[in-house]
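[1] Next come a sequence and a model predicted from it.
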Protein chains: 2
Amino acid sequence: MPTYQLDRRGKKPLYEYLYECLKNDIRSGVLPGNQRLPSKREMARDHGVAVVTVENAYAQLLAEGYLYTRPRSGFYVTEGLEREGAAAPDRANAGTFGDAAASGQSLAAAQGSDEKQSSGAPSEPAKKKEYFVDFTSGRIHSDAFPYSAWARLMRRVLTDREEDFLVAPPREGVYPLRKAIADYLRDARHLTVSPDRIIVGPGTEYLHSILLRLLGTTDPVAVEDPGYSKIGLLYGSTGRPTIHVKVDREGICVEPLKKNGVKLVHTSPSHHFPTGCVMSAERRKQLLKWAVSENAYIVEDDYDSEFRFSGRPIPTLAESNDTNVIYMNTFTRTLAPSIRIAYMVLPEALMEQYRTILSFYSGAVSSPEQYTLAAFLSEGYYQRHISRMRTFYRTRREQVLEAFSASPLSKYAELSGDSAGLHFLLLIKRKLNDKKFIKDLDNVGIKINPLALYCYNDAKPYAHAFLLGYGALEPERLPEALGRMADMICKQA
Amino acid sequence: MPTYQLDRRGKKPLYEYLYECLKNDIRSGVLPGNQRLPSKREMARDHGVAVVTVENAYAQLLAEGYLYTRPRSGFYVTEGLEREGAAAPDRANAGTFGDAAASGQSLAAAQGSDEKQSSGAPSEPAKKKEYFVDFTSGRIHSDAFPYSAWARLMRRVLTDREEDFLVAPPREGVYPLRKAIADYLRDARHLTVSPDRIIVGPGTEYLHSILLRLLGTTDPVAVEDPGYSKIGLLYGSTGRPTIHVKVDREGICVEPLKKNGVKLVHTSPSHHFPTGCVMSAERRKQLLKWAVSENAYIVEDDYDSEFRFSGRPIPTLAESNDTNVIYMNTFTRTLAPSIRIAYMVLPEALMEQYRTILSFYSGAVSSPEQYTLAAFLSEGYYQRHISRMRTFYRTRREQVLEAFSASPLSKYAELSGDSAGLHFLLLIKRKLNDKKFIKDLDNVGIKINPLALYCYNDAKPYAHAFLLGYGALEPERLPEALGRMADMICKQA
């Protein structure tokens, strides 16, 4: 059993450093499966630290599955965790970036091979490639989540609301949260809705499933093409006819909806994914007219509306029609991918159906989290958080634009989609074999997705276009990364 | 604007008492909609308290939707909240007991008219009847939830795991939680499973939905009759043929499964709901044999296994077959109805299908809560909590049995189902009009459900049987309540 040099810990707390040393030795096989660890007392004595320090380190390893206990016998190393070349402690959780299937619209979520999510817990065998720059990451930057405010509110909620935790949350969400969401929509989106029309759920996926339950089982539904592939997969997996409808410069085309007798269409008018286009006023009118005349529903996915960096906010469809439009949004995108809370605003008729048909449903978001988010919203934390994030991402955008202008890449390509959202479109203006480009970049540590990946029918018009997600970029790596891209394009010429 | 006598607050914190006074006056209409409240400073001065006290009271009212703010103008009373005869502060949240549709098996969840869950937030218009004794409540007793331990672990998790909150939770749940569940199953249920076969979700409903997605869309499925009605509704709502299969004294009958080509059956072998019967060894053998020969699946709902009060623990079906049995359980029942975390153990083949077909799914339980539960389990809090609850409920059971023996009711009825679970069956041995009995009891403040409520086909064999849920009873009211029942029976005779 090694003794660790705890004075090398730098600024880290003792227990954390000890935990990392042990974890590293378990991962590298220095501490093999089923080896018994010294008792907390022995360990503390050998390292000249307090027993509580060892206790904390062991507890953490236990919680993460590195150790197991035998009653009255002590702590043992879990079997089958060793793998060669353990990463340095501070990298232990890298390589899981691609997992950030932000309930809303992670780029990675749509990508076939990257779908294999791993938990981020290193004892799972998945060993992901580490990239120099990953433009497909849906990860957020690491200072973004307001841990301390969230933790404080959570504690207050747990103390003040004891009574509320003895009953199940109502299936549509607790009232204070729905009220806070209604207030937020009024202030931020000029959308006035009653809390009674709001349904809260653990992610947009769940809400889509509910919506589909409320429709007939044979009514055709439609999604955008190109679009957020996950929605198409979700709709298709229910066995309903699912139409993939072309998106042009003005937004989703209305003709195919009419032709196919579609009863529900998913669209993101204020910021289309992945092209970034905003639906034109004319198309909005057409789409709404279609929905009214066909008695159909429009799911307005407003996923990135919080991150609009220039121009005036785009009004919602829901603002002008509250009988055919279902407004949907998520906190997963703006708060943290790990917080699974989304919501939708149902037209009264659908709400009525929900109360009747799905009366047996239970709420699916735990109450403490709902009340915490309610306080987070109503006490102004959320607005401040969004405003901080917007400033951060605006700076990040500018860094990307600057690095791009200064890079040789700007001779061969242009950037578009720069007024909203957390990604740019990179449009290469030279002859290019897209597949080879992606593969060559992968070989030099750069991960990038083609826009074609999000096309269902005809990908041709979207050739030579790529997505540059910048939510979690390290900007100092950009010049090098963009330079490598330029090189690859030159080599192909 | 009234001034409140804050010295009447007893042991309550100042802010809480102030909050209650204001809430009461809003609910009773003393403070009408849109009335502007004094500024925090004025309010503090008028009552001789610190500004922070008023701040806390206002914040709470804001979070609950009683107040709204206008920028730079102050606090206003929300419109439309007044209702006659406001309840006393300490009763404000009563009347929502029936909502406790514990994801697992709340009695109320199955009950038609009680399905209309309200949020418990008093600004929703629902005005529920208050009962002297409510035997249908799925509520848990108020000291049960370990708030402080949970809050402490949550805070630690939020501090220690920052990195983990920047990525979405994996769709099957975070590894430490799945590992902790596997350890728990090994220790508590002698069930050895790999964490890789465990899927975590926000309630059993969600897990059932996933299961159904993995089956063909036309394969017949089966539920128990009588049984937990919600499962039947859920299965039926997907449009699949749903067979309601008779449960006899030995458990669910196997013949109808064969006859109807069933591919998935839901059953609770270790404690059937609502009859409380345990599946016989012979029936287990038959059921497993059927599943193997038909390549069918058994969902083993182990919902109440934690609350077994006498005899040896019932072994799981999953223990003897890991290819046809899906083990399912929930923490909602044992921890608190407000915590929405359940799990299932899938056979390898289904897990493979899950990874392929539903690869686009996101995790639906927020990571902070998953890590908190992981620590709660792996550090022994859960086991201690269960053991405390078991002691509590055992005492409660004995109180029910004693009160029953001492009551005139014992001349006309008997109690059964006394070795497990949180309800008894009351079997009336006199001639009885069940409907009239229930209605008459309702009139004297006693709420009770007939066993027939949980029957789908033939309710006759279950006449004169009623469920006595005792999870949240006030035992000192029992003699009176049982006495009233005896009276009703006599009156009918």
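    Perfect, thanks for sending it. Everything numeric here is computed off the predicted structure, so don't read it as measured data. Numbering: from 1, shown residues only, chains lettered A, B, ... in the order given.

[2] Give the buried residues for the longest helix seen in chain A.
    Longest helix of chain A, by residue count under DSSP state H: helix A:381-406. For helix A:381-406, the neighbour count (16 or more other CB atoms under 10 Å in any protein chain shown) marks A:Tyr381, A:Tyr382, A:His385, A:Ile386, A:Met389, A:Tyr393, A:Arg396, A:Arg397, A:Val400, A:Ala403, A:Phe404 as buried. Every C-beta, even on glycine, is put in place using the N, C-alpha and C of the backbone.

[3] The first one contacts A:Ser148, correct?
    No: taking CB atoms under 8 Å as the definition, A:Tyr381 is not a contact partner of A:Ser148, at 10.6 Å.

[4] Any stretches of the stretch 251-400 of chain A with poor pLDDT?
    Scanning the stretch 251-400 of chain A for pLDDT under 70 picks out no residues.

[5] all strands of it, in order?
    A:251-252, A:264-267, A:297-301, A:325-330, A:342-345 (DSSP state E, counting those that start in this stretch).

[6] secondary structure element for A:Thr53?
    Following DSSP states H and E, the helix or strand that holds A:Thr53 is helix A:51-63.

[7] tell me which residues of that helix are tucked away?
    Burial within helix A:51-63, assessed by neighbour count using 16+ other CB under 10 Å, is assigned to A:Thr53, A:Val54, A:Asn56, A:Ala57, A:Tyr58, A:Ala59, A:Gln60, A:Leu61, A:Leu62, A:Ala63.

[8] can you pull out the helices in the stretch 351-493 of chain A?
    With DSSP state H, counting those that start in this stretch, the ranges of helices along the stretch 351-493 of chain A come out as A:367-378, A:381-406, A:434-443, A:478-492.

[9] and those helices as JSON lines, adding distance to chain B?
    Formatted as JSON lines, these follow (distance: least, CB to the nearest CB, whole Å):
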{"stretch": "helix A:367-378", "distance to chain B": "4"}
{"stretch": "helix A:381-406", "distance to chain B": "11"}
{"stretch": "helix A:434-443", "distance to chain B": "21"}
{"stretch": "helix A:478-492", "distance to chain B": "20"}
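
[10] returning to that earlier point: need the strands of the stretch 251-400 of chain A in TSV with mean neighbour count, can you?
    Below are the strands of the stretch 251-400 of chain A laid out as TSV (neighbours: other CB atoms under 10 Å in any protein chain shown):
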stretch	mean neighbour count
strand A:251-252	24
strand A:264-267	25
strand A:297-301	26
strand A:325-330	25
strand A:342-345	25
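
[11] The ones you listed into a markdown table, with extra columns for distance to A:Lys179?
    Output for the strands of the stretch 251-400 of chain A, formatted as a markdown table (distance: least, CB to CB, whole Å):
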| stretch | distance to A:Lys179 |
| --- | --- |
| strand A:251-252 | 32 |
| strand A:264-267 | 27 |
| strand A:297-301 | 21 |
| strand A:325-330 | 16 |
| strand A:342-345 | 12 |
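
[12] any idea how far stretch A:173-183 is from the chain center?
    The chain centroid and the centroid of stretch A:173-183 are separated by 22 Å, computed with CA atoms, centre = their mean, to the nearest Å.

[13] now do stretch A:472-481
    Taking CA atoms, centre = their mean, one finds the center of stretch A:472-481 at 21 Å from the center of the full chain.

[14] ok, residues contacting it?
    Here stretch A:472-481 makes contact (CB atoms under 8 Å, 6 or more residues apart in numbering or on different chains) with A:97, A:132-135, A:137, A:139-142, A:396, A:399-400, A:403, A:406-407, A:446, B:166.

[15] Filter the residues you listed down to just the buried residues.
    For these, a burial check counting by 16+ other CB under 10 Å picks out A:97, A:133-135, A:137, A:139-141, A:396, A:400, A:403, A:407, A:446, B:166.

[16] Please identify which two of those are farthest apart in space.
    Spatial extent of the buried ones among the contacts of stretch A:472-481 (CB to CB) is set by the pair A:Ser407 and B:Leu166 at 27.5 Å.

[17] Show me the helices in the stretch 51-200 of chain A, by range?
    A:51-63, A:147-160, A:175-189.

[18] Which strands and helices lie in contact with the first one?
    Put plainly, it is helix A:51-63. On a contact count with 3 or more CB pairs under 8 Å, 6 or more residues apart in numbering or on different chains; DSSP states H and E, helix A:51-63 meets helix A:14-28, helix A:40-47, strand A:67-70, strand A:74-77, helix B:367-378.

[19] for these, which one ends up most surrounded?
    Of all the helices and strands packed on helix A:51-63, helix B:367-378 carries the top mean neighbour count, a mean of 27, counting by mean count of other CB atoms under 10 Å in any protein chain shown.

[20] Stretch A:449-459 and chain B, any residue contact?
    No: judged by CB under 8 Å from any CB of the partner chain, stretch A:449-459 and chain B are separated, with a smallest distance of 13.0 Å.

[21] same question but for stretch A:236-245, I mixed them up
    Yes: applying CB under 8 Å from any CB, one finds stretch A:236-245 in contact with chain B at A:Ser237, A:Gly239.

[22] same question for that stretch, mean pLDDT?
    Averaged across stretch A:236-245, pLDDT comes to 89.

[23] in that stretch, what's buried?
    A:Gly236, A:Ser237, A:Thr238, A:Arg240, A:Thr242, A:Ile243, A:His244, A:Val245.

[24] Over to that stretch now: how far is its first residue from its last?
    14 Å (CA to CA, to the nearest Å).

[25] And stretch A:163-183, by the same measure?
    Start-to-end span of stretch A:163-183 (CA to CA) is 25 Å.

[26] Check stretch A:263-272 too.
    Its first and final residues considered, stretch A:263-272 spans 21 Å by CA to CA.

[27] Now do the buried residues in stretch A:181-189.
    A:Ile181, A:Ala182, A:Asp183, A:Tyr184, A:Leu185, A:Arg189.

[28] List the residues that contact the first one.
    So the one you mean is A:Ile181. Counting by CB under 8 Å, 6+ apart, A:Ile181 makes contact with A:Pro195, A:Ile198, A:Val200, A:Tyr343, A:Leu377.

[29] Now do A:Pro475: how many residues are near it, please.
    14 (other CB atoms under 10 Å in any protein chain shown).

[30] Quick check, pLDDT for it.
    pLDDT, read off for A:Pro475, is 87.

[31] distance of it from A:His141?
    Distance, A:Pro475 to A:His141, using CB to CB, to the nearest Å: 10 Å.

[32] Now do the shared contacts for these two.
    Here A:Pro475 and A:His141 share the contacting residues A:Arg396, scored by CB under 8 Å, 6+ apart.

[33] Any idea how many residues pack against A:Leu451?
    Residues within reach of A:Leu451, counting by other CB under 10 Å, total 21.

[34] List the residues that contact it.
    Per CB under 8 Å, 6+ apart, neighbours of A:Leu451: A:Pro226, A:Pro274, A:Thr275, A:Leu425, A:Tyr462, A:Ala465, A:Phe466, A:Leu467.

[35] Report the contact partners of A:Gly417.
    A:Gly417 makes contacts with A:Thr275, A:Gly276, A:Cys277, A:His423, A:Phe424, A:Leu425, as judged by CB under 8 Å, 6+ apart.

[36] out of those, who has the most neighbours?
    Top of the contacts of A:Gly417 by neighbour number is A:His423, holding 25 neighbours under the definition other CB under 10 Å.

[37] Residue numbers of the stretch 201-350 of chain A in contact with chain B?
    A:202-203, A:205-206, A:209, A:213, A:217, A:229-230, A:233-234, A:237, A:239, A:332, A:336-341.

[38] switch to 6 Å and redo it
    A:Pro202, A:Gly203, A:Glu205, A:Thr217, A:Lys230, A:Leu233, A:Gly239, A:Ala336, A:Pro337, A:Ser338, A:Ile339, A:Arg340 (CB under 6 Å from any CB of the partner chain).

[39] Can you turn the buried subset of those residues into a selection I can paste into ChimeraX?
    Buried members of these, defined by 16+ other CB under 10 Å, are picked up in ChimeraX with:
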select /A:202,203,205,230,233,336,337,338,339,340
